[in-house]
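Peer 1: Curious how this folds, go ahead:
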Amino acid sequence: MTVVVSDTGPLIALAKVGKLDLLRDLFGAVLIPPAVYRELVAKPGSEFVNLQEALQDYLKPTAVGCVALEVEIVTAKLDCGEQEAIALAYERKVLLLIDERLGRIAASKLGLLVTGVVGVLVQAK
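Peer 2: Have a look, this model is predicted:
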């Protein structure tokens, strides 16, 4: 089973179009840091049911360990969810699912492999 870390954006986008299960099919487990979990459960809308089902199955809330100084520096201007997702992916040395441009740039500076919704859809095809 491949493990990936996800930011909030890709999860919401895939849930909105009813394709969140692609993540389970492609990766098995998707780790989400606490800030991403909080953003997901606070999200109203039609995607809420899809997100709740995924949280019972393959979306795995996971604590972030001690954040490396280089991660803190590179992610200082990002929102909390992006910071934690990048930190968790850096800690675990796994693929990061993120769509936000500044977050992708920060992750790339840290040597992380990144993909987003489009990359997931292409891989699923």
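Peer 1: which residues are in contact with the longest helix anywhere in the chain?
Peer 2: Within the chain, and with DSSP state H defining each element, the longest helix by residue count is helix 80-92. If you take CB atoms under 8 Å, 6 or more residues apart in numbering as the criterion, helix 80-92 is touched by 3-8, 31-36, 39, 62, 64-65, 67-68, 71, 74-75, 78, 95-96, 98, 100, 102-103, 106-107, 110, 112. Quick note: C-beta positions are derived from backbone N, CA and C, even for glycine.
Peer 1: Out of those residues, list just those in helices.
Peer 2: Judged by DSSP H, the subset of these located in helices is 8, 34-36, 39, 71, 74, 102-103, 106-107.
Peer 1: Lowest-confidence entry in those residues?
Peer 2: For the ones in helices among the contacts of helix 80-92, the model is least confident at Glu39; its pLDDT is 92.
Peer 1: What residues sit buried inside stretch 114-125?
Peer 2: Within stretch 114-125, the residues that count as buried by 16 or more other CB atoms under 10 Å are 114-117, 120.
Peer 1: Done for today, thanks.
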